[in-house]
Each structure stands twice: as structure tokens, then as C-alpha cells.
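Engineer: sequence-free structure coming up:
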């Protein structure tokens, strides 16, 4: 009988957790971390845990509230950022890219293939031709290097174009290899973008740029900031959803 009770209790807790899930989120730097609120009648205090899937789980004690739970989580952003860094630092083996591999490129799935003329030392990814400098089995390093080059050539001019359109002055644009964010903006007018944006659709790439540009007006994630974003990028919620669904690209 006790064993049966424990199983039923665990199922009850899981059900409550599912029902208590909230679309709310916690901003940690430029990263949106989903929040899941779980009420636990035996809890004596608020507890924050970060799951392996990147969701922050807030346990609400008896008599507590979701508002107080979110306020508690917001006070722990430094801790959450450290936990996110630990998650992304965990060793993993990147999947090798070979002839026939399918890779996300400009928002579309492109296949790595040999050209129709089977030119020696050249492969194709969509409309991009990549010259091989190594005949190894894993083509990922060379393809990534090519994509980074594209990002360095395409992203900074686009930032400057959109900044000029909205009368903003960007001092510097850098393209980097961030592991936990798509972009950032410093108080000194420097915008940094993740090279993997070259794999995203154009509307998503532009949204990330707009997001960082609007930080030059509001260095926060207040409601005023989001109004600025929506004004220049009305479909920003669709872009946010795409980024959430493809967060695995950052690993």
C-alpha cells in the first residue's frame, strides 16, 4: 500500500506541474528562460531549479503566489546564468557533417552534396560552393568556417543598414561564437551577433538585430522596450518562437 501511495503522489505532482506551466519567462542577459511554476503543499519556501532542457522550475510553497515566485526567480538570475553556462559546457560530441548531411541554412534545410560536374575538392550547400582543404570524413569544420565567413560579410552591413533606417549610431559590430545567446548590445554602442544567425530565416536574423538595436533606446526588457521592438518588428513573436525551437543550434 505505501508503494502505491508514493506512485500516485508522484503522478499527482507531475500533473500539477503540467497544469501549472506558465508561458512566462525569465530574462538572463539576452536569453529567454521559460519558467514553470509548481505548487507543492509540503514546501516551506520558494525553490528554483534549472532543468536540463533549459526550463527554470519554481516551487511555490503553501500560501505562496506565482507573482512572488517570479520575483524570487528574478533575484536569482546570476545563479541561473551560471547554471546555463554549466549546461552548455557539458561535453558533447558534435554530429559529423558528411556528403548527404542535411544542414539548416538561411532557414531552409540544405543537403551537403557534390556538384553536378563532380568537381574535385568542391562541395555544395544550397547555392554556396565550398572548396575542401582537407579530405577528412567530417566536413563540419570546413563548412562552419565557410558559414562564419558569410556571417562576417553579411551581418555587420545589415546592422548598419537597419540602424541608419532608425537613426541609431552603432559604433562597432562583431560576429562571435556565443554558446548561450544570439546577440548582445553594450552600453557603448557595440552589437555582437552569433554567426549561427546565417542558419536562420531572414526575418529571424533581422529580429535579433532589431532586438539589439532597440537596446540602444532601452537597456532593459521592460514593457517600453518591447513596444519599441514591436514597432520596428511586428512579427517578433514568430521570430522568438523560431529561436526557442532551434535553441539547439547554440550548442
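Structural biologist: On my side now, so go ahead. These numbers were taken from a predicted model, which means no experiment stands behind them. Residues are numbered from 1 along each chain as shown.
Engineer: Quick check: which ranges of the stretch 151-251 of the chain have low pLDDT?
Structural biologist: Scanning the stretch 151-251 of the chain for pLDDT under 70 picks out the ranges 251.
Engineer: can you give me the strands for it?
Structural biologist: 172-176, 183-185, 190-194 (DSSP state E, counting those that start in this stretch).
Engineer: Tell me how many other residues crowd residue 145.
Structural biologist: Number of residues near residue 145 (other C-beta atoms under 10 Å) recorded here: 11. For every residue, glycine as well, the C-beta is placed using N, CA and C.
Engineer: for residue 207, that is, sorry about that
Structural biologist: Neighbour number of residue 207 under other C-beta under 10 Å is 26.
Engineer: How about it, nearest residue that isn't a chain neighbour?
Structural biologist: Nearest residue to residue 207, sequence neighbours excluded (C-beta to C-beta, 6 or more residues apart in numbering): residue 239, at 3.5 Å.
Engineer: so who does that neighbour touch?
Structural biologist: Taking C-beta atoms under 8 Å, 6 or more residues apart in numbering as the criterion, residue 239 is in contact with 203, 204, 207, 208, 233.
Engineer: tell me the domain boundaries of the chain?
Structural biologist: According to automatic domain parsing, the chain comprises the domains 2-89, 142-250.
Engineer: winner for burial among these?
Structural biologist: Sort the domains of the chain by mean neighbour count, taking mean count of other C-beta atoms under 10 Å, and domain 142-250 sits at the top with a mean of 17.
Engineer: picking that back up, wait, which of the contacts of residue 239 is closest to residue 78?
Structural biologist: Checking the contacts of residue 239 against residue 78 with C-beta to C-beta, the nearest one is residue 208 at 23.8 Å.
Engineer: I figured residue 173 hits residue 158, correct?
Structural biologist: No: using C-beta atoms under 8 Å, residue 173 makes no contact with residue 158, being 9.1 Å away.
Engineer: Against residue 183, how distant is the residue nearest to residue 207?
Structural biologist: Note on residue 239: its distance to residue 183, by C-beta to C-beta, to the nearest Å, is 12 Å.
Engineer: got any residues that touch both of the two?
Structural biologist: With C-beta under 8 Å, 6+ apart, residue 239 and residue 183 have common neighbours residue 208.
Engineer: rewinding a little: of all the strands of the stretch 151-251 of the chain, which lies closest to residue 224?
Structural biologist: Nearest of the strands of the stretch 151-251 of the chain to residue 224, taken as C-beta to C-beta: strand 183-185 at 15.7 Å.
Engineer: quick check, residue 80 in a strand?
Structural biologist: No: going by DSSP: H, G, I helix; E, B strand; the rest coil, the assignment for residue 80 is helix, not a strand.
Engineer: wait, it sits on residue 50?
Structural biologist: Yes: taking C-beta under 8 Å as the definition, residue 80 is a contact partner of residue 50 at 6.0 Å.
Engineer: any shared contact partners between those two?
Structural biologist: With C-beta under 8 Å, 6+ apart as the test, residue 80 and residue 50 both reach 33, 56.
Engineer: isn't residue 73 right next to residue 55, touching?
Structural biologist: No: taking contacts as C-beta under 8 Å, residue 73 lies outside contact range of residue 55: 11.5 Å.
Engineer: Spit out the residues that contact these two alike.
Structural biologist: With C-beta under 8 Å, 6+ apart, residue 73 and residue 55 have common neighbours residue 35.
Engineer: What count of nearby residues applies to residue 138?
Structural biologist: As a burial measure, residue 138 scores 14 neighbours (other C-beta under 10 Å).
Engineer: SS state for it?
Structural biologist: Assigned with three-state DSSP, residue 138 falls in the coil class.
Engineer: so who does it touch?
Structural biologist: Each residue near residue 138 by C-beta under 8 Å, 6+ apart is listed here: 96, 97, 98.
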